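Enquirer: Make a model of this:
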Amino acid sequence: MLPAPDATRATRHDNLYARARIIQHIRAFFIARAYLEVETPHRIPCNAPEEYIEPVPSAGAFLHTSPELCMKRLLAAGYPRIFQLCRCWRNAERGTRHLPEFTLLEWYASHSDYRDLMLTCEELLCHLIPDVNLKWQGGSISIQPPFERIPLAQAFTRFAPVSLEEALAQGCYEEIYTAHVEPALGTSAPVFIYDYPAHMAALARTRADAPHLAERFELYIGGMELANAFTELTDVHEQRSRFNAALEIMQPPDPEHLMPEAFLTDLEHMPPSAGIALGVDRLVMLLTDATEIDAVVAFTPEEL
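Expert: As a prediction, this is how the structure comes out:
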């Protein structure tokens, strides 16, 4: 006799049906706005070097941690508006809001910047939540645009016991941000945290009027980071320099094989653009009022 299916998966019935509907609505949203849906390889020679993200090796190559490199190469080839829904992999990521294999929505638009992406985020969430009120953990979050926009330094002033500069100088940025700032963000309405220090945005363009700041934002709802976005850096020499700096911190055994040369070659032809990665699993958590990411996927790693 075959063993009975795990009853835990049966409890996800409603959430998995909701997930399918959400993904269908996402596709409809972007197609209606003349975005081309693309599919790029999941297994690539190397990812963008980022010191805090560990890729998964795959028979002499790597599973992509994000489709961004290939999607930017498509921008360089003349595709002005593209989006993709795909699986991504990152080693050693597991928690109530993290999975080592997860689903990202990424979209890119040429001749746009991070402020344009903020507007598209607002439009997308209003499309997914037409009654403009999100029921979340016994409360209500208003999705009425415009969403609040708070510079990162100001968020520390409002919510943290130390300033952003002090947290960075003391090497406790992550601890302070996670404990004090993040839980306070987007509890009654979504909020964009923007203008990160330039060293915290390896692939983002810096502001012309404030080169110590990068044109990057993160979208928060219900104390949860939902998306990470930026105006793309298109300076090939600067991008190579930033990648080299990351590799020095990572200290890989064979760094020359971890530089995405094909991407850097195509970057010379990429127009001014902006791109964003939005966590689909977390979005489904929010729209189904689920407290853990396990409740919105068909299988967790432990169930395989």
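Enquirer: helices and strands of the chain: which one bottoms out on pLDDT?
Expert: Using mean pLDDT, DSSP states H and E, helix 7-10 stands out as the lowest-scoring helix or strand of the chain, at a mean of 75.
Enquirer: quick one: buried residues of the helix or strand just after that helix?
Expert: Next helix or strand after helix 7-10 toward the C-terminus (DSSP states H and E): helix 13-32. Neighbour-count burial for helix 13-32 flags 15, 18-19, 22-23, 26, 29-30 (criterion: 16 or more other CB atoms under 10 Å). Yep, even glycine has a C-beta here, placed from its N, CA and C like the rest.
Enquirer: I'd like to know which elements helix 13-32 is packed against.
Expert: Judged by 3 or more CB pairs under 8 Å, 6 or more residues apart in numbering; DSSP states H and E, helix 13-32 is in contact with strand 36-37, strand 81-89, helix 114-128, helix 280-288.
Enquirer: Give me the contacts around whatever helix or strand comes next after the longest one.
Expert: By that I understand helix 114-128. Moving toward the C-terminus from helix 114-128, the first helix or strand encountered (DSSP H and E) is strand 133-136. The contact list for strand 133-136, computed with CB atoms under 8 Å, 6 or more residues apart in numbering, reads 140-143, 221-222, 286-287, 289.
Enquirer: Only whichever of the residues you listed are buried, select them in ChimeraX.
Expert: Remark: buried members of these, expressed as a ChimeraX selection using 16+ other CB under 10 Å:
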select :141,143,221,222,286,287
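Enquirer: can you name the two of the contacts of strand 133-136 that are farthest apart?
Expert: Farthest pair in the contacts of strand 133-136 (CB to CB) is S142 and D289. Separation: 15.8 Å.
Enquirer: and the residue nearest to P301 when sequence neighbours are not counted, what is it in contact with?
Expert: Nearest residue to P301, sequence neighbours excluded (CB to CB, 6 or more residues apart in numbering): P100, at 6.1 Å. By CB under 8 Å, 6+ apart, the contact set of P100 is 56, 89-94, 301.
Enquirer: cool, and T96?
Expert: Neighbouring residues of T96 by CB under 8 Å, 6+ apart: 291-294.
Enquirer: And for R33?
Expert: R81.
Enquirer: now do 10 Å
Expert: Contact analysis of R33 by CB atoms under 10 Å, 6 or more residues apart in numbering lists 81, 83, 107, 109, 120, 123-124.
Enquirer: next one: Y177
Expert: Counting by CB under 10 Å, 6+ apart, Y177 touches 152, 155-156, 159-160, 164, 167, 183, 185, 193.
Enquirer: Regarding this protein, what is its longest strand?
Expert: Ranked by number of residues, the top strand in the chain under DSSP state E is strand 210-221.
Enquirer: helices or strands up against that one?
Expert: Using 3 or more CB pairs under 10 Å, 6 or more residues apart in numbering; DSSP states H and E, the elements in contact with strand 210-221 are helix 114-128, strand 148-151, helix 152-159, strand 191-197, strand 206-207, strand 224-231, strand 273-279, helix 280-288.
Enquirer: Quick check: neighbours of that strand in the sheet, parallel or antiparallel?
Expert: If you go by DSSP bridges, strand 210-221 pairs up with strand 191-197 (antiparallel), strand 206-207 (antiparallel), strand 224-231 (antiparallel).
Enquirer: Can you mark which positions in it are buried?
Expert: 213-221.
Enquirer: quick one: low-confidence parts of the stretch 101-250 of the chain?
Expert: Within the stretch 101-250 of the chain, no stretch falls below the threshold (pLDDT under 70).
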